[in-house]
Structures are given as C-alpha cells and as structure tokens.
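[1] mind folding the following:
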Amino acid sequence: MDIIKKMRCLSIFLIIIFSIISFACADNQEVFIPIDRISDEGKIYTIEDFKSIGFKKSSEYNVEQLPEATSAFFGFIKNEIGESEDYEIRFYATHNGAVEFGTKYADNIVGEDACVKKDCSLWLENLNQRQQIDGGPSIMESMAGTRNPKYKNYVIYNNLILFCPGNDENDSLKKCTVVIQKLSNI
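    Below is the predicted model of the structure:
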C-alpha cells in the first residue's frame, strides 16, 4: 500500500511540474501593446519623416476646408509581407491643434458610426479615398457593393493624425502602432 501511495504522490508531483513548465513556456510569447490613441512626445513631424519609413505619397489634399491643418496626404506603406496598405496623414502646427481641431473630423470617418458619404462627411476632399467597396459573394454583388470606411481607427501622435486600415478597430490600431513605432525610431 505504501508503494501505491508513493506512486500517486509522484504522479501528482509530475503533473504539477509539467503544468508549471507548460505555463512558463506559454508566457514567452510576444505580447503586442498598442499605442495610446492620443500621445505627445513633443516632436513635430512632416511628410518627409513618413517618406523615410517607406510612405509612398499618392495624393496631397487641399486642406482649406480642414480647420487648422497644415497639410494632408494619402498614400501607402508596404506591410511586413510586402503588401501595400493605404494610409491618410493629416499634419497640424502643434499637438494641441491636432487634438482640438482634428478629433471631430477624425471621429467622423472611423469606427461604428463612420460617415464616408457626401451627405454626412465633415470634410469632402477626396472622400472616395476614405472608402472601400464591400461586396457580396457574387461578382454582381461585389460590383454593386456597399461603400464602407477604409480606416477603422486613427491615432493622434504629436502634431499629426494617422488613419489606418484594418478589419476592425483593434486591427487598425495595431497597424497604426507599427507605423508610429517605425516613425519614432528615425
């Protein structure tokens, strides 16, 4: 009977040790920490900074109707697997200007309540570049698809607002984070 008791204790001990080792190995996975949606490191960025991290400018927008913006651009950056992803960048003279004057316009085109149609968008400049067509399973449904927002989230970082593509708000914030990490390393 003593041997059976010792075998049970040994089995329980081995199960506990195995569990501890399994959990320890699982903790070695890299954890992604997204950037704060609004942050200020005290630096003033320009389009040249974005070009240095691989941003390819497709359009420069007229910002006369975008309060306090100094410039705005549409273009793309290649992701880690080499696919082009569209981004929009709006620059302001200061971080406070980006927050005070840009937040309302940014909130208007991202998230659940986004508006990328002429009747409700606050800034109409190149509105079509803020849209993506989501269609159905057939070619005809895809051709007549629904216009939805391309950018699911944004960040206000220093003096700029960066709009990022994604499948949802979290995916979009992750893409914004990756771009801002590259930018902050220059």
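[2] next, the buried residues of stretch 87-94.
    Tyr87, Glu88, Ile89, Arg90, Phe91, Tyr92 (16 or more other CB atoms under 10 Å). Quick note: C-beta positions are derived from backbone N, CA and C, even for glycine.
[3] and if you look at stretch 64-81?
    Going by neighbour count (16+ other CB under 10 Å), the buried part of stretch 64-81 is Leu66, Ala69, Thr70, Ser71, Ala72, Phe73, Phe74, Gly75, Phe76, Ile77.
[4] stretch 102-110 too?
    Gly102, Tyr105, Ala106, Asn108, Ile109, Val110.
[5] I'd say the second one and Leu66 touch.
    Yes - taking CB atoms under 8 Å as the contact criterion, Tyr105 and Leu66 are neighbours in contact, 6.5 Å apart.
[6] where do the contact lists of those two overlap?
    Arg90, Trp123 (CB atoms under 8 Å, 6 or more residues apart in numbering).
[7] for Asn148, see how far away Ser52 is.
    From Ser52 across to Asn148, the span is 32 Å (CB to CB, to the nearest Å).
[8] would you map the helices across this protein?
    Using DSSP state H, the helices found in the chain span residues 2-26, 47-51, 95-97, 103-109, 139-143, 169-184.
[9] and those, which one's lowest on average pLDDT?
    Mean pLDDT is lowest for helix 139-143 among the helices of the chain, at a mean of 50.
[10] I am finished for the moment; much appreciated.
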